[in-house]
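In: only geometry, no sequence info:
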């Protein structure tokens, strides 16, 4: 991404910090190539010395976890803004998460949900990245549950877990089939919303 | 696993071939540690020289793909035996796949669906392991569709894709949460079967 030259009256943006450059490089590299990417490649891509990395993080695993944590917060702010103006129905607020997933999954470089991918790849439930993945899915499920409750679902907690399953299964399908979902995520979420009595 | 000493009248089993030893080691190592496991470790675990490996396979990627292919055939024979005696209803034949998933996902060493994990890890839709993963999911979806059709589903092809999504999403959930599904996979599949009009 290029930075446009600021107009004379604008204050130029501060350059990204060492930490941000590391987290940017981690988010991109680990998603594209997997958690096996080494410290050398990570630091080279970030334009940061290993010494600087180790001054900020205990290990590569901690860089991975911090980069996922930052992404999780960004997704949450984008997908379910807490300051939502409330014009949308609970059903619509749930379905827009799946609409967004359909859009993301249609991109040729889509490699699945970064949180599930990290948890699958690190192979250990106690890895710092697995802990972030768990918290991130719990946050998604909590959002679904809150909206399911507002929408009058029969069993909001069950529906919320089911919707999370549909989210992750759709994302896995897009990776395995190497193509977009063609409405499958939205349709399946809609069938479960119907079944739980959450009407438009 | 130990091999019991055969009774005197039994013919002793032939020792596993070099190929089988490689595929056994690959299935175990790649599932437990990820596709980054190297040729050295693979051959050491299999008790096979690298020369022998390369006489049978062009690359480690081909060993991985062949081991997934063998697993896919085993799962298919086990989960939906073609010579099924037909006593079960189509709905029950679908649900037993999810019951089996619930059982598998409760194991402490469960690391998710091996086909999805491989596709997620190799990061390339054209990798031989990704091709096997795709075929394996297509076979599961085809089985669901056949039974959905027999069971009178409104849209058997859609229901089959939805059930595959539930299968993969449940499996992802078990990995991320590092615990069993507690009925969620069966319940969610059941809700979609209900919604599609497939009765017991």
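Out: In hand now; what should we look at? Being a predicted model, the structure only gives us computed values, none of them experimental. Numbering: from 1, shown residues only, chains lettered A, B, ... in the order given.
In: For the residue in chain A positioned nearest to chain B, which non-adjacent residue is spatially closest?
Out: Taking Cβ to the nearest Cβ, chain B has its nearest neighbour within chain A at residue A:169, 2.6 Å off. For every residue, glycine as well, the C-beta is placed using N, CA and C. Among residues not flanking residue A:169 along the chain, residue B:169 sits closest, at 2.6 Å (Cβ to Cβ, 6 or more residues apart in numbering or on different chains).
In: Please identify the helix or strand for that neighbour.
Out: Using DSSP states H and E, residue B:169 falls within helix B:156-177.
In: Please work out the angle formed by the directions of that helix and helix A:156-177.
Out: Angle, helix B:156-177 to helix A:156-177, by axes from the mean of the first three to the mean of the last three Cα atoms, to 10 degrees: 100 degrees.
In: list the buried ones in helix B:156-177?
Out: B:156, B:158-177 (16 or more other Cβ atoms under 10 Å in any protein chain shown).
In: Give the other helices and strands that it contacts.
Out: In terms of contacts (3 or more Cβ pairs under 8 Å, 6 or more residues apart in numbering or on different chains; DSSP states H and E), helix B:156-177 is packed against helix A:114-122, helix A:128-150, helix A:156-177, helix A:184-195, helix B:90-105, helix B:114-122, helix B:128-150, helix B:184-195.
In: tell me which residues in the second one are buried?
Out: If I follow you right, that is helix A:128-150. A:128-134, A:136-137, A:139-141, A:143-150.
In: ok now do residue A:153, which residues does it touch?
Out: Residues in contact with residue A:153 (Cβ atoms under 8 Å, 6 or more residues apart in numbering or on different chains) are A:159, A:193, A:196, A:197, A:198.
In: Please convert the buried members of those into PyMOL selection syntax.
Out: Burial among those is assessed by 16+ other Cβ under 10 Å; the matching PyMOL selection reads:
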select buried, chain A and resi 159+193+196+198
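In: quick one: which two of the contacts of residue A:153 are the most distant?
Out: A:159 and A:197 (9.2 Å; Cβ to Cβ).
In: Would you mind marking which of the buried residues of helix A:128-150 are also close to chain B?
Out: Subset of those in contact with chain B: A:130, A:133, A:134, A:137, counting by Cβ under 8 Å from any Cβ of the partner chain.
In: any idea how far the spatially closest residue to residue A:16 that is not a sequence neighbour is from residue A:71?
Out: Using Cβ to Cβ, 6+ apart and skipping residues adjacent in sequence, the residue nearest residue A:16 is residue A:24, 7.0 Å away. Residue A:24 sits at a distance of 11 Å from residue A:71 (criterion: Cβ to Cβ, to the nearest Å).
In: Between the two, which is the more surrounded one?
Out: The neighbour count for residue A:24 versus residue A:71, taken as other Cβ atoms under 10 Å in any protein chain shown, is higher for residue A:71 (18 against 15).
In: Residue A:23 versus the more buried one, what's the distance?
Out: 9 Å.
In: Kindly report the same for residue A:87.
Out: 34 Å.
In: for residue A:57, same thing?
Out: 10 Å.
In: So for the two, which sits in the more crowded spot?
Out: More crowded of residue A:57 and residue A:23, by other Cβ under 10 Å: residue A:23, with 23 against 19.
In: Count the neighbours of the nearest residue to that one once chain neighbours are set aside for me.
Out: Nearest non-adjacent residue to residue A:23, counting by Cβ to Cβ, 6+ apart: residue A:67, 4.4 Å away. Residues contacting residue A:67 under the criterion other Cβ under 10 Å number 25.
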